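> Kindly return the folded structure for what I paste below:
(2 chains)
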Amino acid sequence: MADTHTKVIKDRWQKLKELEAQGIDPYPNGIARPERIGAIIDVYGEYDGDALQGVKEEFYVAGRITGLRRFGKAAFFHIKDDTGRIQVHVRKDILGGRFSLFKKLDIGDIVWVRGSLFRTKTDELTIACSDIGLASKNIRPLPEKYHGLRDKELRYRQRYVDLIVNDEVKDIFRKRAKIIQVVRHYFTSNGFLEVETPMMQSIVGGATARPFITHHNALGIDLYLRIAPELYLKRLIVGGFERVFELNRNFRNEGISLQHNPEFTMLEFYEAYSTYEDLIDRTEELFSLIAKELYGKTVITYQGEEIDLTPPWRRLTLKQSLIENGHIDEERLFDREFLLKCLSDHSVPAPKGDEIGIGKLWTRLFDLLVEPRLIQPTFITHYPVEVSPLARRNAEDPDVTDRFELFIAGREIANAFSELNDPRDQKKRFEEQVAKRGDDEEIPPEVDYDYIRALEIGMPPTAGEGIGIDRLVMLFTDSASIRDVILFPQLRPER
RNA sequence: GGGCCGUUAACUCAGUCGGUAGAGUAUCUGCCUUUUAAGCAGAGAGUCGCUGGUUCGAGCCCAGCACGGCCCA
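Residues are numbered from 1 along each chain as shown, chains lettered A, B, ... in the order given. Model (predicted):
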């Protein structure tokens, strides 16, 4: 594919040679910095034809040629930069000798244009071109002007083309940047310190997921790409940074799907002297703030569903949700055989491991029966200890933890808990986890004793939360696939 | 990992019953000084994803593989 030499491409190479023969550099250096098209439209967008006649100024813009319409001795085209697009009118009688250069230009070329503003018969704001020059020659033609680039594979592999021809793609990534900006501002302005912790770790931890393994030659050791920053961020809480957050990449060596990319962006934040219930407030505050910044309101639409992010949001325990949304009889919630049968009735394989606890069965059933139905924002609380190895036990019921997961549009989007800071309990849970691991590659193969040592130094009562940024961006940009919110999603290499 | 669907010109897509490849856009040539999916006339452009099989004959049927999409796990 990379070597295709079609007629069009050959023609363009030929034109490039002809331009060079005329002394025109197809890739010149030192083009004067242009004005931004968006800024011109902001000022003159409302001027009518008469008003524009009073504007004597010449404008100077640069961008890519799209939609070229030639008329022999004249032409119209649009020139598009990062801020907008504007029509340009070219006339042979005005351009003179430059017109022969213009005749060699193509759709897709990047040019600079100088000229004054006027309105056409159809009342479109247009630059009357007095001078034009080449800034960068296009060799490969752009996709068809009406349908654009539809092939999803090509859109992901050649995102640079997708961005040029599909305007809504740029909009999604601008919104992504905006969301990250709002998140960062929210935390820094609330006294959180932004930190960066290791992505290459010698012991994995902080989540259950299969890691990528790499090798450090000089140290002669294997390292894991992190699946979560959690244990390092809590070491910082021990160290006295009482409010920290990290907004960065995690890596999980698992399948690729509409909701999973092997590398993805995670926000984790930890706050000393707060509980998971305080984080419920922060979460509601943060999400409604993002909605307001992006759309000016707290009701958004996702895949045809109206989602109301106005606080407060619904809260219920995992157990309640299984009864209310999963329609499981309360008396049978501890009936292991019944729960296993429920799973097999839906052809879901039983969880891995020798001793399948009630907790794992509950979360498995939850994923099946409840999660898809949680369209409006819902906090699910009181997860069993068995599935929450880093969370503090609930004071009233030591079998469950002070934890919530947040679900919106049928998907998990955040996970938070009051942190387990008792080194005895933590050590015991780690050791049991490793002992029961078997060949489950999602469980860390060894105990992080340095983390236990840190807890022995003493971690204040703390709560922490993780929010999947890609899923957050999907929600706020109405995107069905995670690939639509990651600029270069992982694909098999092109052959 | 399993199921279903897709892969035809640079792009978007047709392709009937198995009979030797089509359109629009883009490109090239000619005409054209207010168009905007400009228009009119003409031309060129294809390893029909790959490999094998069936057949007198395969874009079409069969098998395997590759890549992608969707669903399930």
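
> looking at chain A, which residue ends up farthest from its center?
residue A:93 (50.1 Å; C-alpha atoms, centre = their mean).

> next one: phi and psi at that one?
Backbone torsions of residue A:93, given as degrees, to the nearest 10, read phi -70, psi -20.

> isn't it right up against residue A:73?
Yes. Counting by C-beta atoms under 8 Å, residue A:93 does reach residue A:73; the two are 7.4 Å apart. Glycine gets a C-beta too; all of them are placed from N, C-alpha and C.

> The residue farthest from the centre of chain A and RNA strand B, how far apart?
Using C-beta to the nearest atom of the strand, to the nearest Å, we find residue A:93 at a distance of 4 Å from RNA strand B.

> what does residue A:399 give?
Going from residue A:399 to RNA strand B by C-beta to the nearest atom of the strand gives 27 Å.

> Neighbours of that residue, how many?
Residue A:399: 13 surrounding residues under other C-beta atoms under 10 Å.

> how about it, what does it touch?
Listed by C-beta atoms under 8 Å, 6 or more residues apart in numbering, the contact set of residue A:399 reads A:384-385, A:393.

> Out of those residues, which is nearest to RNA strand B?
Taking C-beta to the nearest atom of the strand as the measure, RNA strand B sits nearest to residue A:384 out of the contacts of residue A:399, at 20.8 Å.

> Which of the three states applies to the nearest residue to that closest one once chain neighbours are set aside?
Among residues not flanking residue A:384 along the chain, residue A:359 sits closest, at 2.9 Å (C-beta to C-beta, 6 or more residues apart in numbering). Look at residue A:359: counting by DSSP: H, G, I helix; E, B strand; the rest coil, its state is helix.

> follow-up on the earlier one: next, the contact list for the residue farthest from the centre of chain A, please.
Contacts of residue A:93 (C-beta under 8 Å, 6+ apart): residue A:73.

> Check which helices and strands the longest helix that chain A contains is in contact with.
Secondary structure of chain A per DSSP state H: the longest helix is helix A:167-189. When contacts are defined as 3 or more C-beta pairs under 8 Å, 6 or more residues apart in numbering; DSSP states H and E, helix A:167-189 packs onto helix A:159-165, strand A:193-194, strand A:243-251, helix A:276-295, helix A:469-477.

> Verify the stated contact: residue A:316 with residue A:378.
Yes. Using C-beta under 8 Å, residue A:316 is in contact with residue A:378, at 7.0 Å.

> Low-confidence stretches in the stretch 351-495 of chain A?
Applying pLDDT under 70 to the stretch 351-495 of chain A picks out residues A:351-355, A:495.

> Compute the distance between the residue of it found nearest RNA strand B and residue A:265, please.
Nearest residue of the stretch 351-495 of chain A to RNA strand B, counting by C-beta to the nearest atom of the strand: residue A:492, 3.2 Å away. For residue A:492, the distance to residue A:265 (C-beta to C-beta, to the nearest Å) stands at 22 Å.

> next one: residue A:381
Where residue A:265 is concerned, residue A:381 sits at a distance of 26 Å (C-beta to C-beta).

> And residue A:243, how close does it get to RNA strand B?
Residue A:243 is 36 Å from RNA strand B, where distance means C-beta to the nearest atom of the strand.

> I'd like to know how many residues surround the closest residue to that residue other than its chain neighbours.
Leaving aside its sequence neighbours, residue A:243 sits nearest to residue A:192 (C-beta to C-beta, 6+ apart; 4.2 Å). Residue A:192 has 19 neighbouring residues, counting by other C-beta under 10 Å.

> quick one: pLDDT of residue A:192?
On the pLDDT scale, residue A:192 is placed at 98.

> ok, it to residue A:433 distance?
Distance check for residue A:192 against residue A:433: by C-beta to C-beta, it reads 30 Å.

> how distant is stretch A:184-199 from the center of its chain?
How far stretch A:184-199 lies from its chain's middle: 18 Å, per C-alpha atoms, centre = their mean, to the nearest Å.

> and for it, what are the contacting residues?
For stretch A:184-199, the external contacting residues (C-beta under 8 Å, 6+ apart) are A:225-226, A:229, A:232-233, A:236, A:241, A:243-249, A:251, A:269, A:271, A:285-286, A:289.

> Provide a PyMOL selection command restricted to the buried entries of those.
Here is the PyMOL selection string for the buried members of the contacts of stretch A:184-199, based on 16 or more other C-beta atoms under 10 Å:
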select buried, chain A and resi 225+226+229+232+233+236+243+244+245+246+247+248+251+269+271+286+289
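
> hmm, back to that, looking at residue A:381 and residue A:265 now, which is surrounded by more residues?
It is residue A:381, of residue A:381 and residue A:265, that has more neighbours when counted by other C-beta under 10 Å, with 23 against 20.

> so what's that one up against?
A:276, A:315-318, A:403-404.

> Which members of those residues are classed as buried?
Judged by 16+ other C-beta under 10 Å, buried ones among the contacts of residue A:381: A:276, A:316-318, A:403-404.

> Mind checking which of those land in helices?
A:276, A:318.

> Among the buried ones among the contacts of residue A:381, which one lies nearest to residue A:218?
Within the buried ones among the contacts of residue A:381, the smallest distance to residue A:218 is 40.2 Å, found for residue A:403 (C-beta to C-beta).

> who does that closest one bridge with?
Counting by DSSP bridges, residue A:403 is bridged to residue A:417.

> Next, find the distance separating it from residue A:279.
Residue A:403 is 10 Å from residue A:279, by C-beta to C-beta.

> what do those two both touch?
residue A:416.

> Around RNA strand B, pick out the residues from the stretch 51-200 of chain A.
A:67-74, A:76, A:78, A:87, A:89, A:91-93, A:106-107, A:118, A:120-122, A:124, A:126, A:140-141, A:143-154, A:156 (C-beta under 7 Å from any atom of the strand).

> Just the buried residues out of those, in PyMOL syntax.
Buried members of those, defined by 16+ other C-beta under 10 Å, are picked up in PyMOL with:
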select buried, chain A and resi 68+76+78+87+89+91+92+106+118+126+143+149+156
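
> Narrow the residues of the stretch 51-200 of chain A next to RNA strand B to those in strands?
The strands, defined by DSSP state E, take in A:67-70, A:74, A:76, A:78, A:87, A:89, A:91, A:118, A:126 from those.

> Please convert those to CSV, extending it with pLDDT and distance to residue A:330.
Output for these, formatted as CSV (pLDDT from 0 to 100; distance: C-beta to C-beta, whole Å):
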residue, pLDDT, distance to residue A:330
A:67, 91, 65
A:68, 95, 70
A:69, 96, 71
A:70, 96, 75
A:74, 96, 79
A:76, 97, 71
A:78, 97, 65
A:87, 97, 68
A:89, 97, 75
A:91, 96, 81
A:118, 96, 75
A:126, 97, 71
